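K.L.:
Curious how this folds, go ahead:
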Amino acid sequence: MTAIFKREFKAYFSTPIGYIFLAAFYFFLGIFFFTLFSNGSPAISEILSSMSTVIFFLLPVITMRTMSEDKRQKIDQILLTSPVKLSSIVLGKFFAALAVFAIGFAPTLIFEIIFAAFVSVNIFSYLYSLLGIMLLGGTLIAIGIFISSLTESTVVSAIITFLINIVLILITLFTSIIQNETIVKIISAISFTNVFQSFSDTVFSIADIIYFLSFIAAFLFLSVRSLEKRRWS
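P.N.:
Sure, this is the predicted structure:
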């Protein structure tokens, strides 16, 4: 897994993809910080909450090539016939994408230090919100990797992942037009944005952590199964 991780992480910065992703990421992060600082609010959790919407649109950029690029270049044949577990291949790619994603939030530590120089800050609120955004990002990355494993085209992978993310954002809006209370409760319970909001509100819940971890595990498992199907096809 370590070799796959190093290869994938390096690949993000041997092409423009990693730089484009981080440039766009820091652009929005800077805007949210400037707005928050100008308004005199020291809550980093508000920046992370705002970024939670942005990542739905940006993450397809780093997940679109995880599997599809290997298929296109026929590198997957080498990986599938090598003495490497399929789970190690998937996990290596997942943690490489997650590492790039985590780098995007490195400036928030500087933001917290800046706020701490002026007012008292809640470190737990910052760390818990950061955990929430990492779990949300990890879930979206796992979904993106699975979609990428289904196609040889990075463009198709990006478009499908983007459309799925749009649906995940808009799903909560469906509750305003649905009359059935039971369905509304189900949609609210499975909404990524609703679950993440508890992290922003610093409402500690093991169930919310398990919720995201379950989705991550499920889609990584599906990715492994997709590779296994390709190995034997």
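
K.L.:
tell me which element residue 224 is part of?
P.N.:
For residue 224, the element it lies in under DSSP states H and E is helix 206-232.

K.L.:
Show me the shaky parts of the protein.
P.N.:
Residues of the chain meeting the criterion pLDDT under 70: 74-81, 173-180, 184, 188-189, 231-233.

K.L.:
Centroid-nearest residue for it?
P.N.:
Nearest residue to the geometric centre of the chain (C-alpha atoms, centre = their mean): residue 137, 2.1 Å.

K.L.:
Quick check: which helices or strands does the helix holding residue 224 pack against?
P.N.:
Applying 3 or more C-beta pairs under 8 Å, 6 or more residues apart in numbering; DSSP states H and E, one finds that helix 206-232 contacts helix 76-81, helix 86-104, helix 123-148, helix 192-200. No exception for glycine: its C-beta is placed from N, CA and C like everyone else's.

K.L.:
Tell me which residues of stretch 103-119 come out buried.
P.N.:
Residues 103-105, 108, 111-112, 115 are the ones in stretch 103-119 that count as buried (16 or more other C-beta atoms under 10 Å).

K.L.:
Distance to residue 4 added to the residues you listed, as JSON lines?
P.N.:
Output for those, formatted as JSON lines (distance: C-beta to C-beta, whole Å):
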{"residue": "103", "distance to residue 4": "18"}
{"residue": "104", "distance to residue 4": "21"}
{"residue": "105", "distance to residue 4": "23"}
{"residue": "108", "distance to residue 4": "28"}
{"residue": "111", "distance to residue 4": "33"}
{"residue": "112", "distance to residue 4": "33"}
{"residue": "115", "distance to residue 4": "38"}
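
K.L.:
Quick check: nearest residue in space to residue 133, chain neighbours excluded?
P.N.:
Excluding the flanking residues, the one nearest residue 133 by C-beta to C-beta, 6 or more residues apart in numbering is residue 48, at 4.8 Å.

K.L.:
for residue 64, same thing?
P.N.:
Leaving aside its sequence neighbours, residue 64 sits nearest to residue 158 (C-beta to C-beta, 6+ apart; 3.8 Å).

K.L.:
right, and the one you found touches residue 62 too?
P.N.:
No. Using C-beta atoms under 8 Å, residue 158 is not in contact with residue 62, being 9.8 Å away.

K.L.:
So what's the residue count around the closest residue to residue 213 other than its chain neighbours?
P.N.:
Excluding the flanking residues, the one nearest residue 213 by C-beta to C-beta, 6+ apart is residue 135, at 7.0 Å. Residue 135 is flanked by 22 other residues according to other C-beta atoms under 10 Å.

K.L.:
Kindly report the same for residue 134.
P.N.:
When neighbours are counted by other C-beta under 10 Å, residue 134 comes out with 17.

K.L.:
now do residue 1
P.N.:
With other C-beta under 10 Å as criterion, residue 1 counts 16.
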